[in-house]
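**Student:** requesting a structural model of the entry that follows:
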Amino acid sequence: MNELAAAILTLTLYLTIGTIIAVISRKVGIKTTSDYYVAGYKLGGILAAISYAATTYSAFMMVGLVGLTYKTGVGAFGFEITYLLATIFLLSYAAPKVWKLARERNWVSPAEMVGDLYGFRSLAVLVALMYLIALIPYASAQLIAVGRMVEGMTSGLYWLGIVIGVAAALVWTGLSGMWSLASTDLYQGAWMISAAVIFIAWLFLWGGSSISKGMESLGNSGLLGMSWSPLVFISYTIPWMFFAVTNPQVVQKVYTPRDEKALRRMVSLFAIFGLAYTVIVTLVGLASRSLTAVGKFPLVKIGDQVTPLLLSYAPLPLAVFVFTSIVAAAMTTMDAIILSLASTVSRDMYQRYFKGSDKVAINLGRLSILALLLILSYVAYMKIGFIVDLSVLASALLLPLAPVTLIGWYTGRKFGKKGGYAAGASLISGFSIGLYWALIHGARKSLVTPIFGIPPTLFILIVSTVIVLFPLARR
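**Tutor:** As a prediction, the model looks like this:
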């Protein structure tokens with residue numbers, strides 16, 4: 001069997017199993033938007049945990065982070081582990097409160113949550129618009145990853161990867177919303193972690209003593225130490241630290257556990273999954289670079305191409321297994337983003353203003369999923385940037401939501417109308433700065449070009465925090 005046939009066969013198997021799971025998990029009794037978008041607040045701990053992890057750890061990891069580690073060394077591990085530690089901290093202390101408030105106030109979309117926290121309905125629409133603008137690059141990065149992996153395995157069929165990603169997302173997300181999404185996430189998460197474990201085991205067996213020799217060379221070149229400049233590390237890391245607060249696809253997952261025990265299990269299992277996956281992925285990047293140092297692996301100039309090239313050296317069954325796991329990682333994140341964005345359209349832009357029925361809102365959400373996927377497919381086809389840069393850029397644009405959301409969770413309506421206006425001004429100011437900087441410098445340079453000598457994401461965070469705290473300072 002040649003490479004193309006093996007890749008198509010494995011992809012077909014993966015898609016068939018995933019579709020069967022989505023169909024079986026479909027809940028006939030879905031009647032409300034809360035049933036569709038947050039599974040009626042009834043997910044078990046294991047399902048919620050793997051769904052959260054699979055959504056978080058996208059194609060950014062096995063493609064983007066491998067390449068970033070390959071090019072920049074251990075600094076990439078510091079960048080990613082900071083995200084994990086910050087997320088575990090935030091989930092441990094804030095998730096119980098958010099979980100409880102979601103039930104008390106019947107939150108479905110994260111935009112709705114922000115508007116309700118400040119008692120300011122228009123704020124929800126503003127947040128929804130921010131999501132729609134900022135998450136297009138991040139979601140398109142997932143399609144780009146799928147396209148590039150299929151392109152590498154099929155000798156140039158980039159467009160086929162986009163078609164596969166869009167078709168699967170349409171079916172798996174549209175069937176029954178969060179129910180089918182969580183069930184397919186469990187399946188895909190298992191595929192991701194098992195492929196990663198087998199892949200790293202093969203890599204060290206194949207590389208053997210060459211990896212050890214190469215590591216010595218990396219140490220001499222400084223790649224085993226902090227090779228990132230403070231500007232780059234701070235600018236890339238700050239949006240990642242608040243990812244659990246600012247990105248709606250993961251905030252929404254906090255609403256879903258059926259009880260507090262399931263919520264605690266979600267946090268603990270996510271921590272285990274996240275640590276294991278992060279260590280494995282960064283080891284793949286370091287091992288690949290060490291093999292380059294001793295001449296066993298060619299020098300790769302574009303980070304996103306490290307994993308596809310490495311797979312060309314692996315046995316065919318392993319290559320197509322890992323290849324499909326990357327498709328799975330991209331799919332889980334893209335599906336969650338699409339579902340979350342659809343909830344803002346149907347819940348915040350339709351039901352809140354037009355008081356429409358749940359049935360119409362769900363159908364509108366499904367149409368939104370189709371429309372969003374068409375937009376994503378166009379952006380992905382244009383290949384507008386690298387996966388790492390697009391992912392961090394999205395979180396940078398959403399960074400103003402960090403102070404607004406955190407303050408809202410613990411104070412909220414105590415500010416009154418002034419708080420709502422301040423929150424709106426904070427979001428508009430921070431988002432405008434990030435968007436303007438990205439437009440004039442491009443996705444990559446905007447993240448490392450300081451503003452008045454300050455890392456751009458830190459500047460955005462400071463401005464947004466000062467503005468939203470202004471009413472408190474005047475009290």
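
**Student:** got any ranges where the stretch 101-250 of the chain has weak pLDDT?
**Tutor:** Flagging of the stretch 101-250 of the chain using pLDDT under 70 yields the residue ranges 152-154.

**Student:** can you show me the helices along it?
**Tutor:** Secondary structure of the stretch 101-250 of the chain, counting by DSSP state H, counting those that start in this stretch: helices at 110-117, 121-154, 158-174, 178-207, 209-221, 230-241, 243-246, 248-254.

**Student:** as TSV, these with distance to S464 would be great.
**Tutor:** Bear in mind the C-beta positions are built from the backbone N, C-alpha and C, glycine included. Converted to TSV, those look like this (distance: least, Cβ to Cβ, whole Å):
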stretch	distance to S464
helix 110-117	13
helix 121-154	12
helix 158-174	31
helix 178-207	30
helix 209-221	38
helix 230-241	12
helix 243-246	11
helix 248-254	17
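
**Student:** could I get the ones you listed as TSV with mean neighbour count and distance to I369?
**Tutor:** As requested, those are exported to TSV (neighbours: other Cβ atoms under 10 Å; distance: least, Cβ to Cβ, whole Å):
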stretch	mean neighbour count	distance to I369
helix 110-117	27	17
helix 121-154	24	11
helix 158-174	21	5
helix 178-207	21	11
helix 209-221	15	44
helix 230-241	20	26
helix 243-246	24	22
helix 248-254	26	13
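
**Student:** quick one, which of those gets closest to A402.
**Tutor:** Proximity to A402 (Cβ to Cβ) singles out helix 243-246 among the helices of the stretch 101-250 of the chain, at 5.2 Å.

**Student:** I'd like to know which of the helices of the stretch 101-250 of the chain lies nearest to G365.
**Tutor:** helix 158-174 (8.7 Å).

**Student:** contacting residues around the closest one?
**Tutor:** The contact list for helix 158-174 (Cβ atoms under 8 Å, 6 or more residues apart in numbering) reads 11, 15, 18-19, 22, 142-143, 146-151, 154, 180-181, 184, 327, 330-331, 334-335, 338-339, 342, 366, 369-370, 373-374, 376-377, 380-381.

**Student:** let's see it at 7 Å
**Tutor:** With contacts defined as Cβ atoms under 7 Å, 6 or more residues apart in numbering, helix 158-174 is touched by 11, 15, 18-19, 22, 143, 146-151, 154, 180-181, 184, 330-331, 334-335, 338-339, 366, 369-370, 373, 377, 380-381.

**Student:** picking that back up, relative to A293, which of the helices of the stretch 101-250 of the chain is closest?
**Tutor:** Judging these by Cβ to Cβ, what sits closest to A293 is helix 209-221, at 3.9 Å.

**Student:** so Y52, which state does it fall into?
**Tutor:** Using DSSP: H, G, I helix; E, B strand; the rest coil, the structure places Y52 in helix.

**Student:** surely it touches F270?
**Tutor:** Yes. Look at Y52 against F270 with Cβ atoms under 7 Å: they come within range, at 5.1 Å.

**Student:** who's more crowded, the two?
**Tutor:** Using other Cβ atoms under 10 Å, the more surrounded residue of Y52 and F270 is Y52, with 31 against 26.

**Student:** now that one. Nearest residue, chain neighbours left out?
**Tutor:** In this structure, Y52 finds its nearest non-sequential neighbour in K253, 4.6 Å apart by Cβ to Cβ, 6 or more residues apart in numbering.

**Student:** so who does the one you found touch?
**Tutor:** By Cβ under 7 Å, 6+ apart, the neighbours of K253 are A48, S51, Y52, T55.

**Student:** ok, it to L263 distance?
**Tutor:** 10 Å (Cβ to Cβ, to the nearest Å).

**Student:** over to D304?
**Tutor:** Distance from D304 to L263, by Cβ to Cβ: 35 Å.

**Student:** those two: who's more crowded?
**Tutor:** Using other Cβ under 10 Å, the more surrounded residue of D304 and L263 is L263, with 24 against 20.

**Student:** quick one: S340 and N247 touch, right?
**Tutor:** No. In this structure, S340 is not within contact of N247 by Cβ under 7 Å, at 8.4 Å.

**Student:** now the common contact residues for the two.
**Tutor:** By Cβ under 7 Å, 6+ apart, no residue touches both S340 and N247.
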